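S.K.: Show me how the following folds:
(one chain, ligands or ions: 1)
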Amino acid sequence: MSSVVRLEEIFFQRQEREVITDVHLQIDQGERWVFLGRNGSGKTTILELITGYLFPSKGSVQVLGHTYGECDVREIRKRIGYVSQSLFERLTSHDPVWEVVATGEYSYLRMYEEMPPKLKEKAYEKLEQFGLTHLHDQLIGSLSQGERKKVMLARALMKSPDLLVLDEVCSGLDLYEREQVLMTLEKTVAESTLIYVTHHLDEIVPLFTHCALFERGKIIAAGAKHEVLTTENLSRAYHVPLELDWHNDRPILKLLGSPLSNP
Ligand SMILES: Nc1ncnc2c1ncn2[C@@H]1O[C@H](COP(=O)(O)OP(=O)(O)OP(=O)(O)O)[C@@H](O)[C@H]1O
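M.R.: Now for the predicted structure:
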């Protein structure tokens, strides 16, 4: 099995503060990973390092067989479908929805040349898959939070990416929409390797195979989800007394007390 992501001894500083410390991680082809951890624990930073928008202060980032710093990151990015708030903010708010979805084909933020009619058709099909046909021509900046997430997911899936990286795609969705998105993901993710960041354990549907737990810039546990998602590991990551159970291969969390005051 070949590795899709390999992080070796990664350190990253922001304004002289170390926000990522000695991270090692290997993600193999076809694995579906969930990244969990408290606010500010470094999940998004790791995603930005994997997608080549940030470069580590130290260490090596290998993605899809290429080492960053020794390859053209833009070429690698074409094989990655990325959905994140920071990516959304880089888009032009007055572009119509179908056009934003179509740009996913090339991982461009904007099309400066005429859109081929076939690409427009494909974008329409993707929007239909996500039940968003009615939003074709609406401006991206005017969408509701939930609609925005689904449009960005449709965009990321335009080109069957080798690696799909999703940062909190279900936050802001109601229960029905969340389950719909997770089901659509299950159907459309196909052979892609997946990294999915969330704060909600109930989003960890059977689709996911692996999990990495972040705490203060470190990964404190990583591997097969049933080995990582344990009462002990989650208590360590969240500093809250809790108990974990499983139902239909989905984790269920029971809180047993208040957050620890001095973790
Ligand atoms: N532009 C920036 N300048 C300075 N510090 C930053 C910047 N972006 C992020 N950080 C810091 O880096 C740390 C890790 O942030 P990151 O966004 O990776 O965490 P996260 O686990 O994704 O958090 P959340 O769950 O809240 O989204 C945080 O302490 C944050 O304050």
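
S.K.: okay, now the residue of the stretch 51-200 of the chain found nearest the ligand: neighbour count?
M.R.: Nearest residue of the stretch 51-200 of the chain to the ligand (C-beta to the nearest ligand atom) works out as H199 at 6.4 Å. (Each C-beta comes from the backbone N, C-alpha and C, glycine too.) Neighbourhood size, H199 [other C-beta atoms under 10 Å]: 14.

S.K.: contacting residues for it?
M.R.: Neighbour list for H199: 36, 168, 171 [criterion: C-beta atoms under 8 Å, 6 or more residues apart in numbering].

S.K.: Quick check: of the residues you listed, which has the highest neighbour count?
M.R.: Highest neighbour count within the contacts of H199, by other C-beta under 10 Å: L36, with 25 neighbours.

S.K.: Show me what it bridges to in the sheet.
M.R.: L213 (DSSP bridges).

S.K.: For the ligand, see how far away it is.
M.R.: Applying C-beta to the nearest ligand atom, to the nearest Å, the value for L36 to the ligand is 9 Å.

S.K.: swap in L242?
M.R.: Counting by C-beta to the nearest ligand atom, the gap from L242 to the ligand is 18 Å.

S.K.: is it true that G217 touches G42?
M.R.: Yes: between G217 and G42 there is a contact under C-beta atoms under 8 Å: 4.5 Å.

S.K.: ok, D245 - how many residues close by?
M.R.: For D245, the count of nearby residues is 10 (other C-beta under 10 Å).

S.K.: After the helix or strand harbouring it, which helix or strand is next? Please name it.
M.R.: Taking DSSP states H and E as the definition, D245 sits inside strand 242-247. Next along the chain after strand 242-247, taking DSSP H and E as the criterion, comes strand 250-255.

S.K.: so what secondary structure elements neighbour that following strand?
M.R.: Under the contact criterion of 3 or more C-beta pairs under 8 Å, 6 or more residues apart in numbering; DSSP states H and E, strand 250-255 touches strand 242-247.

S.K.: Restricting to C-alpha, output the strand it packs on in PDB.
M.R.: Provided in PDB are the C-alpha atoms of strand 242-247 (Å, rounded to 0.1, in the frame of the first residue of the first chain):
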ATOM      1  CA  LEU A 242     -16.200  11.400  29.800                       C
ATOM      2  CA  GLU A 243     -17.100   7.900  28.600                       C
ATOM      3  CA  LEU A 244     -17.100   6.600  25.100                       C
ATOM      4  CA  ASP A 245     -19.500   4.000  23.700                       C
ATOM      5  CA  TRP A 246     -20.300   2.700  20.200                       C
ATOM      6  CA  HIS A 247     -23.600   2.300  18.500                       C
END
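
S.K.: Count the neighbours of I220 for me.
M.R.: I220: 15 neighbours (other C-beta under 10 Å).

S.K.: One more: the one 10 residues further on?
M.R.: For T230, the tally of surrounding residues (other C-beta under 10 Å) stands at 14.

S.K.: Tell me how far it lies from L244.
M.R.: Per C-beta to C-beta, to the nearest Å, T230 is found 6 Å from L244.

S.K.: what does L256 give?
M.R.: L256 is 11 Å from L244, where distance means C-beta to C-beta.

S.K.: Looking at those two, which is more packed in?
M.R.: It is L244, of L256 and L244, that has more neighbours when counted by other C-beta under 10 Å, with 16 against 10.

S.K.: With adjacent residues omitted, what lies nearest to the more buried one?
M.R.: Leaving out its chain neighbours, the residue that sits closest to L244 by C-beta to C-beta, 6 or more residues apart in numbering is T231, at 4.7 Å.
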